[in-house]
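1. need a 3D model of the following:
(one chain, ligands or ions: 1)
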Amino acid sequence: MVGDRYGASDGGDYDRGTVSAVTARVPAKVNLQLSVGPRRSDGYHDLVTVFHALALFDEVTVSPADTDSVLVTGEGAGRVPLDSGNLAARAVAALVEAVGPGVQESPGVAIEIRKRIPVAAGLAGGSADAAGALVACNELWDAGLSAQELAEIAGQVGSDVGFALLGGTAIGLGRGDQVTPALATGTYHWVLAFAAEPLSTPAVYAACDRLREARAASSGAPGDASGSPGVAGPPALNTRLMAALRSGDPAAVGPALSNDLERPAVSLFPALRKTLAAGRELGALGAIVAGSGPTCVFLAGSAARAVDLAVSLSGAGVCRAVARAAGPAPGAAITAGPL
Ligand code: C5P
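-> Residues are numbered from 1 along each chain as shown. From the prediction side, this is the model:
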């Protein structure tokens, strides 16, 4: 792959001495199923989820520098932390920690992130940037880490970073960090409705816990993994969704979409109810909050229907902006090498 990317038609290596910057392209994601288990003692929740990468990409460029720096431009750039709270910077630090500081040929690394994935929107944009930084630094420093080794580092940085490396459609277990590719066929055409305000992922999980406790208290039954009081056991993979994905039929996938975080997200952001209803009324095959929200995503039957739906949804005035994206998209990939 690297040989191809650098245009070496014979697959031969390029001169490492000329590498001055590496750029990776990384996808947004939605969860076609997001089933949330009870809160664990470490504060996380066990998940059974089906990730699906969208052709809506951020770009991350890393280059050698005298000191570490992070520059963010594009969609929602002002909301991205530039300090050690930046997920891409944390990913680079975790990579250096894993391979040792000798891997770096310069004292620092400059990270430049060009954002198209909205920030704090439920689309895992920060995790995508972390995945981009990992693959780009692995390349820049010729660190030679395998996909498995990168996935292990990804898990330390955030729950969704491993999937951003993998892309496609994948099943996520644990806190979402244990990912395996799913059997899925076809291309799916999505319309995304971006909200005017962000939502904090921890706040949405906390709202999920509160709603479950309240429901369990009112019914007198203990809360459980599925959110249904009185029914014990961990969440399970939705076999109807998996069969629909194998068949590649969006009309079957649409009604099988599910997200346990939708109700908590709507409780914190009631306007989303109207956005979801508008998409359904306009003929979407499925309508769901993306991850912890507040982005709403709608499944269309074809690319042409997605265009119609996007135009109508824009006109309905139920969100800040509308975009279209097909899925599944590939995971983090190097797009440019030596400048
Ligand atoms: O892993 P990541 O940093 O992306 O998670 C952000 C927050 O989302 C966590 O601090 C936690 O509050 C919540 N979370 C969770 N269970 C998961 C994943 C995330 O509670 N499986």
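2. so the residue in the stretch 201-339 of the chain that the ligand sits nearest to: helix, strand or coil?
-> Among the residues of the stretch 201-339 of the chain, P202 lies closest to the ligand, at 3.5 Å counting by Cβ to the nearest ligand atom. Quick note: C-beta positions are derived from backbone N, CA and C, even for glycine. With DSSP: H, G, I helix; E, B strand; the rest coil as the basis, the three-state label of P202 is helix.
3. what confidence value was assigned to the closest residue to A321 other than its chain neighbours?
-> Here the nearest residue to A321 in space, its sequence neighbours aside, is F194; by Cβ to Cβ, 6 or more residues apart in numbering that works out to 4.6 Å. Here, the pLDDT recorded for F194 equals 98.
4. go ahead and confirm F194 touches A121.
-> Yes: with contacts counted by Cβ atoms under 8 Å, F194 reaches A121, the gap being 6.4 Å.
5. residues bridging contact with those two, i.e. touching both?
-> Shared contacts of F194 and A121 (Cβ atoms under 8 Å, 6 or more residues apart in numbering): T295.
6. more neighbours: those two, which one.
-> The residue with the greater number of neighbours, taking F194 and A121 and applying other Cβ atoms under 10 Å, is A121; the counts read 24 against 19.
7. next up, the contacts around the more buried one.
-> With contacts taken as Cβ under 8 Å, 6+ apart, A121 has the following neighbours: 76, 194-195, 198-199, 290, 293-295.
8. what kind of secondary structure is it in?
-> Assigned with three-state DSSP, A121 falls in the coil class.
9. for it, give me the pLDDT.
-> The per-residue pLDDT of A121 was computed as 97.
10. quick check: it vs the ligand, distance?
-> Using Cβ to the nearest ligand atom, to the nearest Å, one gets 13 Å for the distance from A121 to the ligand.
11. name the residues of stretch 83-101 that come out as buried.
-> Applying a neighbour-count criterion of 16 or more other Cβ atoms under 10 Å, one finds 86-96, 98-99 buried in stretch 83-101.
12. re earlier: of the contacts of A121, which is the nearest to V135?
-> Top of the list for closeness to V135, among these and by Cβ to Cβ, is G76 at 22.6 Å.
13. next, that closest one: phi, psi?
-> Backbone dihedrals for G76, given as degrees, to the nearest 10, come out at phi 70, psi 20.
14. neighbours around it, how many?
-> The number of residues packed around G76, counting by other Cβ under 10 Å, is 17.
15. now swap in the one 4 residues further on and tell me
-> The tally of other residues near V80 (other Cβ under 10 Å) stands at 23.
16. and A65, by the same measure?
-> Residues contacting A65 under the criterion other Cβ under 10 Å number 13.
17. got the contact list for it?
-> For A65, the set of contacting residues under the criterion of Cβ under 8 Å, 6+ apart consists of 106-110.
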